[in-house]
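*Asks:* Sequence first, predicted coordinates after that:
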Amino acid sequence: ESGDASVAEKAILATRVNDKLYKEISEMPLKNGTITYHETANLISMKASALDNNRVENDSSSETTKEKERNTVVVACAGTTDLPVAEEAALTLEAAGCKVERIYDVGVAGLHRIINALPRLRDPSNRCVIVCAGMDGALPSVVAGLVTVPVVAVPTSVGYGAAFGGVSAMLT
């Protein structure tokens with residue numbers, strides 16, 4: 001082992017950041033680093049300049065090429081109201097060094113869209129699917145019936161119906 005920090009150990013994220021807070025933070029003097037604001041996810045990622053010098057281009061870990069190929073996490077969401085939660089999940093996974101496949105706007109209200117996404121959902125490189133969907137909890141159940149990898153349901157507090165702020169989705 002080279003002793004270099006892993007990608008995840010280098011990740012610095014701040015979540016729940018609105019435009020006003022980002023503006024305040026971006027006006028602070030920052031030496032030797034960069035801040036990126038991801039508006040959809042309400043997230044700031046920070047990177048120190050010194051980390052560029054320590055970048056490991058050729059990972060010499062014991063993980064085989066076949067294992068590396070099967071290392072994708074799919075982040076899916078029902079519609080535009082779920083995008084902030086889905087993007088936060090996707091960006092966090094990427095900061096941790098995971099390969100992420102985004103599949104957005106595949107809600108059960110338009111079932112043909114999820115059917116069209118099946119080749120991407122069933123790709124052999126996928127390790128799991130994270131489904132961010134509104135308050136009814138239907139989409140994670142549908143996706144779980146269509147794929148053979150684990151599905152993580154992330155209910156959001158927005159969407160159709162009166163579902164007690166996402167509580168009913170957690171009960172499905």
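*Replies:* Structure's in. What do you need? Numbers count the residues shown, from 1 in each chain.

*Asks:* Who are the packing partners of the longest helix along the chain?
*Replies:* Taking DSSP state H as the criterion, the chain has its longest helix at helix 83-95. Judged by 3 or more Cβ pairs under 8 Å, 6 or more residues apart in numbering; DSSP states H and E, helix 83-95 is in contact with strand 12-15, strand 43-48, strand 72-77, strand 99-103, strand 126-133, strand 151-155. For glycine as for every other residue, the C-beta is placed from the backbone atoms N, C-alpha and C.

*Asks:* Any idea which helix or strand in this protein has the lowest mean pLDDT?
*Replies:* Least confident element among the helices and strands of the chain, by mean pLDDT, DSSP states H and E: helix 65-69 (a mean of 56).

*Asks:* Low-confidence regions, this protein specifically.
*Replies:* Where the chain drops to pLDDT under 70, the residues are 1-9, 49-70, 135, 158-172.

*Asks:* what residue of the protein is the furthest out?
*Replies:* residue 29 (29.2 Å; Cα atoms, centre = their mean).

*Asks:* How much space separates it from residue 35?
*Replies:* Relative to residue 35, residue 29 is positioned 11 Å away (Cβ to Cβ, to the nearest Å).

*Asks:* Likewise for residue 89?
*Replies:* Distance, residue 89 to residue 35, using Cβ to Cβ: 20 Å.

*Asks:* The two: which is more packed in?
*Replies:* Under the neighbour definition other Cβ atoms under 10 Å, residue 89 and residue 35 were set side by side, and residue 89 has more, 22 against 15.

*Asks:* Could you pull up the residues touching that one?
*Replies:* Counting by Cβ atoms under 8 Å, 6 or more residues apart in numbering, residue 89 makes contact with 75, 130, 132, 154.

*Asks:* Please repeat the previous calculation with a cut-off of 10 Å.
*Replies:* Applying Cβ atoms under 10 Å, 6 or more residues apart in numbering, one finds that residue 89 lies in contact with 41, 73, 75, 76, 77, 100, 102, 130, 131, 132, 152, 154.

*Asks:* wouldn't the last one be in contact with residue 90 here?
*Replies:* It refers to residue 154. No: look at residue 154 against residue 90 with Cβ atoms under 10 Å: they stay out of range, at 11.3 Å.

*Asks:* Which residue of those two possesses the greater neighbour count?
*Replies:* Higher neighbour count among residue 154 and residue 90: residue 90, with 26 against 20, using other Cβ under 10 Å.
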